[in-house]
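J.: quick one: sequence plus predicted model below, questions after.
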Amino acid sequence: MHSNDVQELLDRAAITDVLYRIARAMDSKDWDLLAAGYTEDAQGDYVNAAAGGRAEIVEGTRAFLGPLDATQHAVHNIEVSIDGDTATTHATMTAQHVRGEEQFLLGGTYDDTFRRTEQGWQISNRRIRGLWSTGNPAVLTVPVS
C-alpha cells in the first residue's frame, strides 16, 4: 500500500466522521459541535430553506430543531470522492423528529462538498433533499397538542 493510498483512507475516515458528528450534534443540540463541521463561509441548501455562512447554518438548525423534544438523524450509504484538498460526498439519511406524542420521519439525501482546512475536513456546501416522509409534518412547524 502506497502512502497516497493510506492518506486517502485517512481522509475518507475523517470525512465520514464529520458526517456522523454533525448528526450527533443535531440530536444532542450541541451547536458548537455542529459549527465545527462547517467552514466559516459554508452554504446550505435545505429542503425548505437556505443559509449562508456557518453562523446562519447553526442558528437556522437551532431554530428548526431546538423546539423539538427529540430527533434522531442517521447517515447511511456514504460515498466519498476526494480530489486533493476538496471532496464530495453523497449519503442517504433518515431523520426522526418528535414533539409530544407526534412524530415525523423524513428520508432523503445529503450531498456535501468538503474542504480540508487547518481544523481538518469541513463542509463548505450542503444540499439536503427529502425523498419520502411519514407521520405528522406539523411536528416541524407548530406545537402539537
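T.: Okay, I see it.
J.: N77 belongs to a helix, doesn't it?
T.: No: counting by DSSP: H, G, I helix; E, B strand; the rest coil, N77 is not found in a helix; it is strand.
J.: distance of the closest residue to A36 other than its chain neighbours relative to A87?
T.: Spatial nearest neighbour of A36, chain neighbours left out: Q119 (6.9 Å); criterion: CB to CB, 6 or more residues apart in numbering. For the C-beta atoms, the positions are set from N, CA and C on the backbone; glycine is no exception. Distance, Q119 to A87, using CB to CB, to the nearest Å: 15 Å.
J.: compare the two and say which one has the larger neighbour count.
T.: Counted by other CB atoms under 10 Å, Q119 and A87 do not tie: A87 has more neighbours, with 22 against 9.
J.: show me what that one bridges to in the sheet.
T.: I82, F114 (DSSP bridges).
J.: again, but for T92
T.: Bridge pairing for T92 - DSSP bridges - gives H76, T109.
J.: I'd assumed H76 was in contact with it.
T.: Yes: counting by CB atoms under 8 Å, H76 is a contact partner of T92 at 4.7 Å.
J.: now do the same end-to-end measure for stretch 33-52.
T.: Terminal residues of stretch 33-52 lie 18 Å apart, using CA to CA, to the nearest Å.
J.: that one: which residues count as buried?
T.: 34-39, 42-44, 46, 51 (16 or more other CB atoms under 10 Å).
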